[in-house]
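> heads up, no residue letters with this:
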């Protein structure tokens, strides 16, 4: 697992993809003391190069600008985590939060420019 610091706190994270008919990717983020876990699941169409476009850079638009989201890059992991922390989920009751990554990206203002998100 890799380390990332967001809002002054250290988190451990990893990103994995499993290919079947679609690419099912999972971004797992765990607090350093391992008491809170966020599991963000994405479903995309398969691509020729790496399977999941989130491995090579999913082309998206946000506020009229084009971006390439690659979840192997800490920049985007930090952005996703900042958004999740801003959601103010009740982490005192529920220690594991499973989130739909596709809708999370939409709520963050990203629009899929390729039609690869399912």
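Sure thing, it's come through. Everything quoted here is computed from the prediction, not taken from an experiment.
> Only C-alpha atoms from now on, for both contacts and neighbour counts.
Fine.
> Check the offset of the helix-or-strand element of the chain with minimal mean pLDDT from the chain's centre.
When each helix and strand of the chain is scored by mean pLDDT, DSSP states H and E, helix 53-56 comes last, with a mean of 87. A distance of 11 Å separates the C-alpha centroid of helix 53-56 from that of its chain, computed with C-alpha atoms, centre = their mean, to the nearest Å.
> Use 725 as the first number for this chain going forward.
Fine by me, first position is 725 from now on; the one you just mentioned is helix 777-780.
> which residues are contacting it?
Residues external to helix 777-780 that are found in contact with it (C-alpha atoms under 8 Å, 6 or more residues apart in numbering): 768-771, 773-774, 793-796, 840.
> Most neighbours among the residues you listed, please name it.
Top of the contacts of helix 777-780 by neighbour number is residue 795, holding 23 neighbours under the definition other C-alpha atoms under 10 Å.
> Which residue comes closest to that one once chain neighbours are left out?
residue 778 (5.7 Å; C-alpha to C-alpha, 6 or more residues apart in numbering).
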